[in-house]
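Peer 1: okay, structure incoming, though there's no sequence with it:
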């Protein structure tokens with residue numbers, strides 16, 4: 001049987017897996033991406049229900065690997081301000097790009113736009129192959145290589161297999177890596193909404209006792225993508241309402257900040273959970289993105305953490321190749337794990353803490369958090385530190401995220 005030999009096999013061709021592929025292909029590595037789904041379609045006439053709030057660090061990564069221009073030529077929604085407030089009190093905090101000396105805090109981009117831009121970039125490499133739709137059947141590892149058998153009988157082998165296949169990662173299960181975490185018993189309802197008032201390039205988030213509701217500005221000044229976190233039964237009810245009834249419920253939840261609200265097109269919901277892999281690596285196998293960690297979406301950090309994983313793993317592999325080391329060995333892969341696991345867990349814990357803090361209804365706690373929000377809002381120096389951290393402006397980030405030289 002023909003057994004194609006690669007330097008790297010990536011299972012999962014979503015945003016994180018494709019970013020890794022485009023990051024390592026310039027190193028001369030022979031890469032194959034295996035994905036169960038065909039590439040998404042995109043139309044300038046409709047908006048994708050799933051969007052990502054890309055930080056400046058993520059934009060640096062996409063720029064370095066040659067994919068950002070493909071994103072910009074389609075559609076992006078810059079946001080210059082972020083305003084957060086508590087529905088149970090008068091606490092409010094606002095972050096402004098100008099206060100941090102930058103032009104924008106980030107961009108709201110449809111997931112399909114990012115994926116298609118990455119796929120276009122991938123097609124420019126002769127040493128990067130894409131198998132989709134293709135289904136995986138078996139994973140075997142030994143001291144020298146990993147072998148991936150596809151459903152059609154084809155066998156791929158390489159020194160390393162990357163699991164970039166999402167929260168229900170097949171690769172993670174095959175590698176025997178356990179997970180920990182919990183289900184929030186909530187779903188995030190997503191939709192595109194038209195507002196009577198312009199969003200003014202502002203990301204809006206209101207914390208309800210049942211979960212946050214976020215309005216993320218799209219390129220049209222009167223369109224936002226919403227993520228409404230609600231108990232699962234409530235979320236399913238929201239999906240079954242007609243548009244008029246949904247608009248009424250949405251207006252009551254978000255208030256009059258943007259004037260009258262009107263849903264545009266379809267709605268969907270996805271489950272919310274916190275989950276992390278106990279290990280990111282085994283010999284010949286490594287995890288990135290949602291395969292390694294799932295996070296509450298209240299700050300939109302999930303994709304950004306995944307792109308940082310891809311950038312860190314790409315740098316780890318580049319250094320190992322320069323040293324002529326076997327990058328499928330656990331001692332090499334642990335460098336990546338040590339680099340990323342601590343930050344990922346810290347961000348997950350912070351988001352979980354925010355979720356629980358703003359879900360509390362005890363009067364003393366409500367009063368304290370509202371006072372804390374207002375106090376923080378009056379401290380430009382602290383807000384600037386938070387803003388720069390949220391944008392990924394940290395010296396320990398991977399070179400691809402820092403506009404730094406890349407080996």
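Peer 2: That came through, no problem. Here the structure is a predicted model, which means the values were calculated and not measured. Residues are numbered from 1 along each chain as shown.

Peer 1: rest of the way, CA atoms for contacts and neighbours
Peer 2: OK.

Peer 1: can you give me the helices in the stretch 301-407 of the chain?
Peer 2: Per DSSP state H, counting those that start in this stretch, the stretch 301-407 of the chain carries helices over the ranges 302-322, 330-359, 363-377, 380-390.

Peer 1: comparing the ones you listed by mean pLDDT, which bottoms out?
Peer 2: Lowest mean pLDDT of these: helix 380-390, a mean of 73.

Peer 1: ok, which of the helices of the stretch 301-407 of the chain comes nearest residue 283?
Peer 2: The closest of these to residue 283 is helix 330-359. By C-alpha to C-alpha, the value is 4.8 Å.

Peer 1: on that earlier part again, can you lay out the helices of the stretch 301-407 of the chain as JSON lines showing mean neighbour count?
Peer 2: Putting these into JSON lines (neighbours: other C-alpha atoms under 10 Å) gives the following:
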{"stretch": "helix 302-322", "mean neighbour count": "23"}
{"stretch": "helix 330-359", "mean neighbour count": "17"}
{"stretch": "helix 363-377", "mean neighbour count": "15"}
{"stretch": "helix 380-390", "mean neighbour count": "15"}
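
Peer 1: next, format those as TSV and append distance to residue 402.
Peer 2: Listed next are the helices of the stretch 301-407 of the chain as TSV, based on distance: least, C-alpha to C-alpha, whole Å:
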stretch	distance to residue 402
helix 302-322	10
helix 330-359	15
helix 363-377	28
helix 380-390	13
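
Peer 1: nearest to residue 247, out of those helices?
Peer 2: For residue 247, the closest of the helices of the stretch 301-407 of the chain is helix 330-359, at 23.4 Å, according to C-alpha to C-alpha.

Peer 1: sorry, back to before: what's the closest of the helices of the stretch 301-407 of the chain to residue 31?
Peer 2: helix 302-322 (12.2 Å).

Peer 1: so the closest one versus helix 330-359, what angle?
Peer 2: Interaxial angle, helix 302-322 versus helix 330-359 (axes from the mean of the first three to the mean of the last three C-alpha atoms, to 10 degrees): 170 degrees.

Peer 1: list the contacts of helix 302-322.
Peer 2: Outside helix 302-322, the residues within contact range by C-alpha atoms under 8 Å, 6 or more residues apart in numbering are 15-17, 19-20, 23-24, 27, 52, 54-55, 57-58, 61, 288-290, 294-296, 326-327, 332-333, 335-336, 339-340, 344, 397-401, 406-407.

Peer 1: now do it: distance to the chain's middle.
Peer 2: In this view, helix 302-322 has its centroid 15 Å away from the chain centroid, taken as C-alpha atoms, centre = their mean, to the nearest Å.

Peer 1: just to revisit the earlier point, which of the contacts of helix 302-322 are buried?
Peer 2: Applying 16 or more other C-alpha atoms under 10 Å to the contacts of helix 302-322, the neighbour count classes 15-17, 19-20, 23-24, 52, 54-55, 57-58, 61, 288-290, 294-296, 326-327, 332-333, 336, 339-340, 344, 397-401 as buried.
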